[in-house]
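> next input, structure requested:
(4 chains)
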There are 2 protein chains.
Amino acid sequence: MARIKIDKNSSRKEVIVAKAAILFREKGFKAASMRDLAESVGVEAASLYNHIKSKTELLHELCFGVANRFMHKMDEVEAQKIPAIEKVETMIRFHIDEMINHYEEVYVSDREWKHLSDPYLSNFQNQRRMYRKRFAALIEAGIRDKEIKKIDAPTAVLILLHAIGGIESWHRSTKKISAASLTDNMITILVGGLANK
Amino acid sequence: MARIKIDKNSSRKEVIVAKAAILFREKGFKAASMRDLAESVGVEAASLYNHIKSKTELLHELCFGVANRFMHKMDEVEAQKIPAIEKVETMIRFHIDEMINHYEEVYVSDREWKHLSDPYLSNFQNQRRMYRKRFAALIEAGIRDKEIKKIDAPTAVLILLHAIGGIESWHRSTKKISAASLTDNMITILVGGLANK
DNA sequence: TTTTTTTGCTAACACGTGTTAGTATATTAT
DNA sequence: ATAATATACTAACACGTGTTAGCAAAAAAA
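Next up is the predicted model:
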């Protein structure tokens, strides 16, 4: 009888969620079927329901898992006593790092959250709005301190977050460039675009 | 008997494609049903098939329509005799403009092309690769001429294109800022991030 | 008007979906 | 070993999907 293999640090549910992340990224949430997922886990579709409540629950787990990580990092960075532009750079680096090392989950959370259903949907949207406001506040602080160009902070946030999403293309490509120098290049362009002269 | 309304310059098929763009953006290609589309057009689902061959054809039309517009613009800009960095800025402005004024189609083409099926899928992917190579070549020319920082050109392209995709968020928001100053801000940050000092 | 063509409708199909019920078989606890 | 629990299986359901066939009505051409 087939059985979901687990290693010491992850439950069977976690294995399923991880496989779901891969599948949802590849095909999109709607196009990925529970039978697809079951196959990739090595089990029959119905068996999944011993570990999860629904397909949507998988999306919850992914979206809120990612959202929480970003929120906690924001808490941490806000509390630091360093120049605003360094806070911004720290957050950008964190985003890049997350996108490189937790590609699937971050990508899915970013692109597929629309398919959440209330009350999770509004909840997620609120968190997202809050996060962007806090990010914009960092940039505005930098503008006040003349560290950052006089630009529209929300627009800057929008550019930054989406630009980092471009790492998707790097992931899917032949990766001619290393993760480290990808990061360097992104920082150069993005922070360079913000910095005052 | 309900009838699809058309104005002088657009066929019934074009009306359907336009409505499909809106729907595909809102719900995603997979989640949008032909019955949804029919309702938004004001007709029964089966009636759509007097004008189109399949649901996928709608996606073809959208994806390749957008791709062709970008390709033609690239032809045009490459042929101009202006500094490389100005070519890059021209292309960025074109992208922003397209994203502002043909939001639905561009967005769908960008996010939903995965659901194309061969041979259209590979075709589209090739076009996309070509386009990015040509864009990167513009940037590399700028680097040779010392107009642009020494950065990895493919990475820069990746950042630029995805950053512009962020206009999506602007579209969905309350649009506190005008299209013109949104453009200015984006140019400032993006071109500023590329330009050598 | 009469004929032809375009367009829309109803009904139905074959299929894939998420999910549940009921049951068998492993694993763990006693 | 026995009991209890966790996990997987088969079978099936109700439903939504894209699409087609056949027919009616409207518009265009004759």
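> what parts of chain A come near chain B?
A:27-28, A:30-31, A:111, A:114-115, A:149, A:151-152, A:154-156, A:158-170, A:176-177, A:181-182, A:185-186, A:188-194, A:197 (Cβ under 8 Å from any Cβ of the partner chain). Using the backbone N, CA and C atoms, a C-beta is placed for each residue, glycine as well.
> residues contacting residue A:125?
Contact analysis of residue A:125 by Cβ atoms under 8 Å, 6 or more residues apart in numbering or on different chains lists residue A:113.
> just checking, next helix/strand downstream of the host helix or strand of it?
Using DSSP states H and E, residue A:125 falls within helix A:120-144. As assigned by DSSP H and E, the chain's next helix or strand after helix A:120-144 is helix A:153-165.
> helices or strands up against that next one?
Here helix A:153-165 touches helix A:84-101, helix A:120-144, helix A:179-194, helix B:153-165, helix B:167-172, helix B:179-194, going by 3 or more Cβ pairs under 8 Å, 6 or more residues apart in numbering or on different chains; DSSP states H and E.
> looking at these, which is nearest to residue B:4?
The closest of the helices and strands packed on helix A:153-165 to residue B:4 is helix B:167-172. By Cβ to Cβ, the value is 26.3 Å.
> okay, that closest one in PDB with CA atoms only?
What follows is helix B:167-172 as a C-alpha-only set of coordinates in PDB (Å, rounded to 0.1, in the frame of the first residue of the first chain):
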ATOM      1  CA  ILE B 167       0.900  49.000 -13.200                       C
ATOM      2  CA  GLU B 168      -1.600  46.300 -12.700                       C
ATOM      3  CA  SER B 169      -1.800  47.300  -9.000                       C
ATOM      4  CA  TRP B 170      -2.200  50.900 -10.000                       C
ATOM      5  CA  HIS B 171      -5.100  50.000 -12.200                       C
ATOM      6  CA  ARG B 172      -6.800  48.100  -9.500                       C
END
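> averaged pLDDT, that helix. What do you get?
Mean pLDDT, helix B:167-172: 90.
> now do the SS call for the spatially most central residue of chain A.
Central residue of chain A (Cα atoms, centre = their mean): residue A:106, 2.8 Å from the mean position. Secondary structure assignment for residue A:106 (DSSP: H, G, I helix; E, B strand; the rest coil): helix.
> any idea how far DNA strand C is from residue A:82?
According to Cβ to the nearest atom of the strand, to the nearest Å, residue A:82 and DNA strand C sit 46 Å apart.
> can you give me the pLDDT of residue A:14?
95.
> contacting residues for it?
Residue A:14 touches residue A:6, counting by Cβ under 8 Å, 6+ apart.
> now, of the residues of chain A next to chain B, which are buried?
In the residues of chain A next to chain B, burial by neighbour count holds for A:28, A:30-31, A:111, A:115, A:149, A:151-152, A:154-156, A:158-170, A:177, A:182, A:185-186, A:188-194, counting by 16 or more other Cβ atoms under 10 Å in any protein chain shown.
> how many neighbours does residue A:132 have?
For residue A:132, the neighbour count with other Cβ atoms under 10 Å in any protein chain shown is 18.
> the one 5 residues further on too?
For residue A:137, the count of nearby residues is 15 (other Cβ under 10 Å).
> let me see the contact set for the nearest residue to it once chain neighbours are set aside.
Excluding its sequence neighbours, the residue lying closest to residue A:137 (Cβ to Cβ, 6 or more residues apart in numbering or on different chains) is residue A:153, at 7.7 Å. Residue A:153 is in contact with A:136, A:137, A:139, A:140, A:143, counting by Cβ under 8 Å, 6+ apart.
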